[in-house]
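A.B. asks: here's a sequence, model it:
(2 chains)
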Number of protein chains: 2
Amino acid sequence: MMDKNYWITETPIEPNDCIKKVARNEAGAVNTFIGTVREFTKDKRTLYLEYQAYVPMAEKKLAQIGEEIEQKWGDANTAIVHRIGRLEIADIAVVIAVSTPHRADAFEASRYAIERIKEIVPIWKKEHWEDGTKWIGDQKENKSYDKKIPSEEEMRDD
Amino acid sequence: MMDKNYWITETPIEPNDCIKKVARNEAGAVNTFIGTVREFTKDKRTLYLEYQAYVPMAEKKLAQIGEEIEQKWGDANTAIVHRIGRLEIADIAVVIAVSTPHRADAFEASRYAIERIKEIVPIWKKEHWEDGTKWIGDQKENKSYDKKIPSEEEMRDD
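C.D. replies: The predicted model follows:
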């Protein structure tokens, strides 16, 4: 468990590590989103995933999402952790926790966070399918980097 | 941690107890809602809360909410635990966890669950304010039972 609220890790994630960071007397609600490795996408079976990230930039972008949430929802505390490296089926890839005084804000802000992670955070997914193929894309799953992870230089343009 | 997915407890809640019940290979998303005891409501300070429930009926109604979610969202697994008795500030009163293949469903179903809990589950809240007053109401906070918890007989009409 890190001292900071936004971090990338190579070890298994405990949801409570995020939840504890945002719990506080002023909050009546905590919404937590947990993204896990799903075995099947339609009929296609995933064996395992690999996530790669440019870590300093990824943590900076996660923190930016937390700032955006504070601007939009006021009294919200956010913590986000994303795992990288090889992940097996059902492993936790990402946990978001947002605490707010009232529950509607916690739901909305948590939803906002996962969408923004997929939009702006430089983390790439390499999918290992049962039939042996690989697919590498960004988090929105709509762009292929042609089996090449962008260089750190390219990522700095993000 | 109980064998069932819907339960009332008098002991502190660990969010992971709910999360583990719904995690599975088919799910890519788990949404968790945690309701905690908030210290301030506007300028009024809460010292502590007491929750009371007609336990068999409360657990039955929680299970009903899980069934409603399955009907509405299809491939969703749900677990809900609500604590009763005396709760201090920041204690967890309720945890909902919903797993689904895709994230939008997990957010929607979890939100649905907390609204339904407040609508149909026979759990009453006694609020102990700093100024010595008490207030007893149902979970929607819009009905007072006139400082009297309904009898089990009255609750059976629910």
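A.B. asks: shaky segments in chain A?
C.D. replies: Along chain A, segments meeting pLDDT under 70 span A:1-2, A:138-158.
A.B. asks: quick one: A:Ala97 and A:Ile19 touch, right?
C.D. replies: Yes: look at A:Ala97 against A:Ile19 with C-beta atoms under 8 Å: they come within range, at 4.9 Å. C-beta here means a position set from N, CA and C on the backbone, and glycine is covered the same way.
A.B. asks: ok, those two, which is more surrounded?
C.D. replies: The neighbour count for A:Ala97 versus A:Ile19, taken as other C-beta atoms under 10 Å in any protein chain shown, is higher for A:Ala97 (30 against 22).
A.B. asks: so what's the backbone phi/psi at the residue nearest to the more buried one when sequence neighbours are not counted?
C.D. replies: Closest residue to A:Ala97 apart from its sequence neighbours, by C-beta to C-beta, 6 or more residues apart in numbering or on different chains: A:Cys18 at 3.9 Å. Main-chain torsions, A:Cys18, degrees, to the nearest 10: phi -80, psi -40.
A.B. asks: and chain A, which residues reach chain B?
C.D. replies: A:14-16, A:19, A:23-40, A:89-90, A:99, A:101, A:103, A:106-107, A:110-111, A:114 (C-beta under 8 Å from any C-beta of the partner chain).
A.B. asks: buried ones among these?
C.D. replies: Taking 16 or more other C-beta atoms under 10 Å in any protein chain shown as the criterion, what is buried in these is A:15-16, A:19, A:23-24, A:27-39, A:89, A:99, A:101, A:103, A:106-107, A:110-111, A:114.
A.B. asks: of those residues, which belong to strands?
C.D. replies: Per DSSP state E, strands hold the following members of those: A:Ala29, A:Val30, A:Asn31, A:Thr32, A:Phe33, A:Ile34, A:Gly35, A:Thr36, A:Ser99.
A.B. asks: who touches the residue sitting furthest away from the middle of chain A in this structure?
C.D. replies: Most distant residue from the mean C-alpha position of chain A: A:Asp131, 26.8 Å away (C-alpha atoms, centre = their mean). Taking C-beta atoms under 8 Å, 6 or more residues apart in numbering or on different chains as the criterion, A:Asp131 is in contact with A:Lys44.
A.B. asks: helix/strand/coil for it?
C.D. replies: Using DSSP: H, G, I helix; E, B strand; the rest coil, the structure places A:Asp131 in coil.
A.B. asks: then A:Tyr48?
C.D. replies: On the three-state scheme (three-state DSSP), A:Tyr48 is labelled strand.
A.B. asks: so it sits right up against A:Glu130, yeah?
C.D. replies: No: contact criterion C-beta under 8 Å: A:Tyr48 and A:Glu130 do not qualify, at 10.5 Å.
A.B. asks: what is in contact with A:Ala97 and A:Ile19 at once?
C.D. replies: A:Val30, A:Thr32, A:Ala79.
A.B. asks: kind regards, and thank you for your time.
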